[in-house]
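A.B. asks: here is the input, now give the coordinates:
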Amino acid sequence: MTLRATATTPAERPTARRWLVVPVSVLAGFLLTVVWSAEFVDQTIGASVADTLLGHDASETPIAGILSGVVFAFVTGLAGTFTACNIAAMGAVAPLVGAGSSAGARMARTLKPLGWLAVGVLAVSGVYGFVVGLAGTAMPQFANSPPAGGLLARNIQSMVTFGVIGLILVFLGLAALGLVRDPLARLERRFPNARMLVMGALIGAFLIGRPFGLFRQLFRDAAVSHNPLYGALAFMLQSLGNIVVMAVLVLLLALALGGRAQRWLGARPGRMAIITGTAFIVAGSFTTLYWVGRLLGRFEIIWWPTAPWV
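C.D. replies: Numbering: from 1, shown residues only. Modelled structure (predicted):
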């Protein structure tokens, strides 16, 4: 049995290697949950960036009016780029690096999918902001009486939101590896930008469960205003700020390495599939395990390992 399994044909070997990618990627996602320090990225990085850009203590200064709110939304979105929520978005970077013989052609081929990514982001975050402005303080984020286990309604909302997003990312990773049927393949044949639109929608959905302190401050301001248009605009700018750094990174990669990167990715069959699948599975497993397993561990409902500096 062992000898037969070892003597695989050349056509079978890529499938065997791709199956091996799955447990390795899940393990990498799990280890990332162990070492990730939310306090460091939220306070040391996120809050510091927001304070510097706004010129005052973002967490202590009240949001004074709609204009102040939209500025606060974009700046805190930019400051929150490197929070745990946004690590999953980096799984979309590699496929966006455009091909082309000239820098202009590579930039043009990269801007189009980035544009569709932004459409997905803004659509979901805008709708959610509208709902928050409409529902106001009836949203789960305002419930302060924890049920059994000490989990607030907003904690449960985060677990469900990021748990589902993470599982979707893992499934897309398996599809990229060719291990399951691609759920977007048929739609993509009719609408070539569907994949980036869906990825953008997932990034926009981060706001539905986002616990970032400065976002909660914006959330409360939008809810108390009872102005759905302000809520939609503020949430869209928050999400737009989240993807600015990623978009700039992708454009720089396309400008500097686009041609070489595409040649390297295409040099061996399956290389692009393995890189894309790995990125999505690592990001998806991290997202689900962090926001379900580690959150339950934080409330001592289950045991979850954490690094000493966490």
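
A.B. asks: what sits closest to residue 284 if chain neighbours are left out?
C.D. replies: Spatially, and ignoring its direct neighbours in sequence, residue 284 is nearest to residue 169 (3.0 Å; CB to CB, 6 or more residues apart in numbering). Just so you know, the C-beta spots here come from the backbone N, C-alpha and C atoms, and that holds for glycine as well.

A.B. asks: with residue 307 instead?
C.D. replies: Excluding its sequence neighbours, the residue lying closest to residue 307 (CB to CB, 6+ apart) is residue 35, at 4.6 Å.

A.B. asks: related to what we said a few turns ago, my guess is the residue nearest to residue 284 meets residue 279, correct?
C.D. replies: No: the pair residue 169 and residue 279 fails to qualify as a contact (CB atoms under 8 Å) at a distance of 9.1 Å.

A.B. asks: between these two, which is the more surrounded one?
C.D. replies: A direct count of neighbours by other CB atoms under 10 Å for residue 169 and residue 279 places residue 169 higher, at 27 against 22.

A.B. asks: so who does the closest residue to residue 125 other than its chain neighbours touch?
C.D. replies: Of all residues not flanking residue 125 in the chain, residue 239 sits nearest, at 3.8 Å (CB to CB, 6+ apart). Residues in contact with residue 239 (CB atoms under 8 Å, 6 or more residues apart in numbering) are 77, 121-122, 124-125, 203-204, 206-207.

A.B. asks: out of the residues you listed, which are inside helices?
C.D. replies: Counting by DSSP state H, the part of those found in helices is 77, 121-122, 124-125, 203-204, 206-207.

A.B. asks: now do stretch 301-310: distance to the chain's middle.
C.D. replies: Counting by CA atoms, centre = their mean, to the nearest Å, stretch 301-310 is centred 23 Å from the centre of its parent chain.

A.B. asks: and what of stretch 29-48?
C.D. replies: A distance of 14 Å separates the centroid of the chain from that of stretch 29-48, by CA atoms, centre = their mean.

A.B. asks: do me a favour and get the end-to-end distance for it?
C.D. replies: 27 Å (CA to CA, to the nearest Å).

A.B. asks: tell me which residues in whichever strand or helix holds residue 106 are buried?
C.D. replies: Applying DSSP states H and E as the criterion places residue 106 in helix 103-135. Neighbour-count burial for helix 103-135, with 16 or more other CB atoms under 10 Å as criterion, is recorded at 106, 109-110, 113-114, 116-126, 128-134.

A.B. asks: any chance of TSV for the ones in helices among the contacts of residue 239, columns distance to residue 69 and pLDDT?
C.D. replies: Listed next are these as TSV, based on distance: CB to CB, whole Å; pLDDT from 0 to 100:
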residue	distance to residue 69	pLDDT
77	12	78
121	19	90
122	17	94
124	20	94
125	15	93
203	22	87
204	19	88
206	19	87
207	15	86
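
A.B. asks: take those residues and lay them out in a markdown table including distance to residue 51.
C.D. replies: Below are those laid out as a markdown table (distance: CB to CB, whole Å):
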| residue | distance to residue 51 |
| --- | --- |
| 77 | 15 |
| 121 | 25 |
| 122 | 26 |
| 124 | 28 |
| 125 | 24 |
| 203 | 25 |
| 204 | 26 |
| 206 | 22 |
| 207 | 22 |
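
A.B. asks: mind listing the strands for the chain?
C.D. replies: In the chain, no strands are found when defined by DSSP state E.

A.B. asks: where in it is pLDDT low?
C.D. replies: Along the chain, segments meeting pLDDT under 70 span 1-15, 82-103, 143-149, 211-213, 257-267, 269.

A.B. asks: try 50 this time
C.D. replies: The model of the chain has pLDDT under 50 over residues 1-13.
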